[in-house]
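J.: my questions concern the predicted model and sequence given below.
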Amino acid sequence: MKIYTKTGDRGQTSLYGGTRVSKSSLQIEAYGTIDELNSFIGLALSEIKQVDVEKFLLALQTDLMSIASYLAGYRKGNLNLELRVSEIEKVIDQMDVKLPPLKNFILPTGEKLGASLHVARSVSRRAERAVIRYFEAETKPNPNKDKIIIYLNRLSDFLFVLARFANHLASHPETIWKEIE
């Protein structure tokens with residue numbers, strides 16, 4: 001099978017089921033940003049040394065593929081994201097107690113893994129905004145809307161704490177943001 005089909009050469013793409021839409025549509029923006037987020041998590045994974053963290057991030061990548069597929073029109077099965085959100089919250093709490101309390105805004109810096117996770121976190125926030133724009137424009141009710149938005153919100157929190165945790169383990173101090181005087 002060839003990778004290129006030439007069917008997108010005029011600025012359109014196919015959704016699941018064959019419907020053609022503009023590549024600039026909110027729907028494509030939403031699942032495309034999820035794909036970008038998934039890729040940045042994959043980049044961070046290339047630096048992960050802990051097997052349990054690697055497995056958890058791979059599970060999150062699988063979730064993101066399911067969300068992107070759903071947003072592309074694949075509506076078979078149910079998105080069971082509530083359990084994963086609970087798991088994410090538990091892991092955030094476990095890492096957070098091992099970190100120094102956050103008293104200031106920090107700059108998204110650090111060693112390579114921490115900085116990669118900060119990038120993934122910012123893309124996660126952008127994905128959340130893109131998905132919200134898409135859902136706001138949808139005319140019919142969507143039973144998974146709230147689940148997806150909550151998941152993406154919690155995922156960005158997780159990536160922020162994981163970035164801090166990675167930098168902490170690498171003994172890389174956080175860079176406190178200071179206003180320009």
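T.: Thanks, I have it. Residues are numbered from 1 along each chain as shown.
J.: going forward, measure contacts between C-alpha atoms and count neighbours the same way
T.: Noted.
J.: if I look at the residue most central in space within the chain, what pLDDT would I see?
T.: Nearest to the mean C-alpha position of the chain, by Cα atoms, centre = their mean, lies Ser124 at 3.8 Å. Note for Ser124: predicted pLDDT of 98.
J.: ok, the nearest residue to it once chain neighbours are set aside - contacts?
T.: In this structure, Ser124 finds its nearest non-sequential neighbour in Ser156, 5.4 Å apart by Cα to Cα, 6 or more residues apart in numbering. Each residue near Ser156 by Cα atoms under 8 Å, 6 or more residues apart in numbering is listed here: 120-122, 124-125.
J.: if you set the cut-off to 10 Å instead, what comes out?
T.: 117-118, 120-128, 162 (Cα atoms under 10 Å, 6 or more residues apart in numbering).
J.: that one: which element?
T.: Element membership for Ser156 (DSSP states H and E) is helix 145-169.
J.: buried ones in that helix?
T.: 147-149, 151-168 (16 or more other Cα atoms under 10 Å).
J.: what's the burial count for Pro100?
T.: Residues near Pro100, counting by other Cα atoms under 10 Å, number 10.
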